[in-house]
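K.L.:
give me coordinates for this.
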Amino acid sequence: MNSDELTASYRGYIECLNQQDWGNLGRYVSENVSHNGKTIGLSGYRSMLEGDFQAIPDLCFEVALLVSQPPHVASRLQFNCTPVGMLFGLPVNGKPVQFEENVFYEFDGDGKIKTVWSIIDKSAIAEQI
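P.N.:
Numbers count the residues shown, from 1 in each chain. All right, here's what the predicted structure looks like:
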């Protein structure tokens, strides 16, 4: 994939997440995906995302910055949401919060995400509660 194709695929992936279109997640994510150094597979990745939406019913992934250098994508995602209870070990309990995630992806030869490295700005959340 060239840079434009990778960018388009990534934006499709973000749209898939925001629509909670779990049936199509495999179009974007490899069966053997790893997250922060641990292979969790597509089913584990889906479970993780479903859990995120349970904890944050109004979760919406907003791309603030996107850099594509095949086979990698780097993205800064912004969130403005209202978690219902604990979030990343913090007692948010229905308070609106804003935070960012810096995430790097590696795509495989089939154009699917095979590796995800994610860092969430938990200190920004802690400052707001």
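
K.L.:
could I get the full set of strands for the protein?
P.N.:
With DSSP state E as the criterion, the chain has strands at 29-35, 38-39, 62-69, 72-81, 86-87, 90-91, 97-107, 113-120.

K.L.:
if you average pLDDT over each of those, which is lowest?
P.N.:
Among the strands of the chain, strand 86-87 carries the lowest mean pLDDT, at a mean of 85.

K.L.:
for that one, name the packing helices and strands.
P.N.:
Applying 3 or more C-beta pairs under 8 Å, 6 or more residues apart in numbering; DSSP states H and E, we find strand 86-87 packed against no helix or strand. For every residue, glycine as well, the C-beta is placed using N, CA and C.

K.L.:
what sits up against that strand?
P.N.:
The contact list for strand 86-87, computed with C-beta atoms under 8 Å, 6 or more residues apart in numbering, reads 55-56, 92-93, 97, 125.

K.L.:
out of those, which are buried?
P.N.:
55-56, 92, 97, 125 (16 or more other C-beta atoms under 10 Å).

K.L.:
which ones are touching D21?
P.N.:
Contacts for D21 were tallied using C-beta under 8 Å, 6+ apart; they are E15.

K.L.:
how does it look with 10 Å?
P.N.:
Applying C-beta atoms under 10 Å, 6 or more residues apart in numbering to D21 gives the contacts 15, 27-28.

K.L.:
measure it to G51 for me?
P.N.:
D21 sits 17 Å away from G51, taking C-beta to C-beta, to the nearest Å as the criterion.
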